[in-house]
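Engineer: Structure here, sequence nowhere to be found:
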């Protein structure tokens, strides 16, 4: 009986030591698992940040490209308007240097300030862009009649179908 008791004590001590070793192994495995989960969470967070950055970069790049194109287009527009202004000043000057025309109406003299062809075209363009539903400009005494005829005969402007004192820019884009 004593021998059996000693053997059982020895087996108990072996089992306890094995149990302790297994507990230690379990703790190490649990700690390793927690570390791996933290690494996985960190990697998932980094992946999400990278995805949002990758999505933002093309949008920002496209926005910057559009911005630079807009700047180029505005610069080109300014160049075209300047060239048009120079051309019109050179080839279509006002009838007098001071831009005044004396018209006799009744018995009094009226001095009317004539506007240049460039200003007339600018008014027509602005009116057709700002209010495309009502693009007509009223023809006043400051419009020099030869300029109006030039625009109408060359198909640049059209008279209003009901009111001959109004005209609009021809819709070239349609």
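Structural biologist: Received, thanks. What you see is a predicted model, and the numbers here were worked out from it, not measured in a lab. Numbers count the residues shown, from 1 in each chain.
Engineer: In the chain, what residue spans correspond to helices?
Structural biologist: 2-91, 117-130, 145-153 (DSSP state H).
Engineer: Any idea which helix or strand in this structure has the lowest mean pLDDT?
Structural biologist: strand 100-105 (a mean of 48; mean pLDDT, DSSP states H and E).
Engineer: circling back to that earlier point, got a markdown table for the helices of the chain, with mean neighbour count too?
Structural biologist: Just so you know, the C-beta spots here come from the backbone N, C-alpha and C atoms, and that holds for glycine as well. Converted to a markdown table, these look like this (neighbours: other C-beta atoms under 10 Å):
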| stretch | mean neighbour count |
| --- | --- |
| helix 2-91 | 10 |
| helix 117-130 | 17 |
| helix 145-153 | 14 |
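Engineer: Output the ones you listed as CSV; include the columns mean pLDDT and distance to residue 171.
Structural biologist: Below are the helices of the chain laid out as CSV (pLDDT from 0 to 100; distance: least, C-beta to C-beta, whole Å):
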stretch, mean pLDDT, distance to residue 171
helix 2-91, 92, 19
helix 117-130, 91, 7
helix 145-153, 93, 14
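Engineer: between those, which gets nearest to residue 164?
Structural biologist: helix 145-153 (10.4 Å; C-beta to C-beta).
Engineer: now for that closest one, which elements pack on it?
Structural biologist: Helices and strands touching helix 145-153, by 3 or more C-beta pairs under 8 Å, 6 or more residues apart in numbering; DSSP states H and E, are helix 117-130, strand 157-159, strand 166-169.
Engineer: Save these as JSON lines, and put in distance to residue 79 too.
Structural biologist: Shown next, in JSON lines, are these (distance: least, C-beta to C-beta, whole Å):
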{"stretch": "helix 117-130", "distance to residue 79": "15"}
{"stretch": "strand 157-159", "distance to residue 79": "24"}
{"stretch": "strand 166-169", "distance to residue 79": "21"}
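Engineer: These: which one's closest to residue 46?
Structural biologist: Distance to residue 46, taken as C-beta to C-beta, is lowest for helix 117-130 among these, at 49.8 Å.
Engineer: any idea how far that closest one is from the chain center?
Structural biologist: Counting by C-alpha atoms, centre = their mean, to the nearest Å, helix 117-130 is centred 25 Å from the centre of its parent chain.
Engineer: Mind listing residues that contact that helix?
Structural biologist: By C-beta atoms under 8 Å, 6 or more residues apart in numbering, the surrounding residues in contact with helix 117-130 are 84-85, 88-89, 92, 135-137, 143, 147-148, 150-151, 156-157, 167-169, 171.
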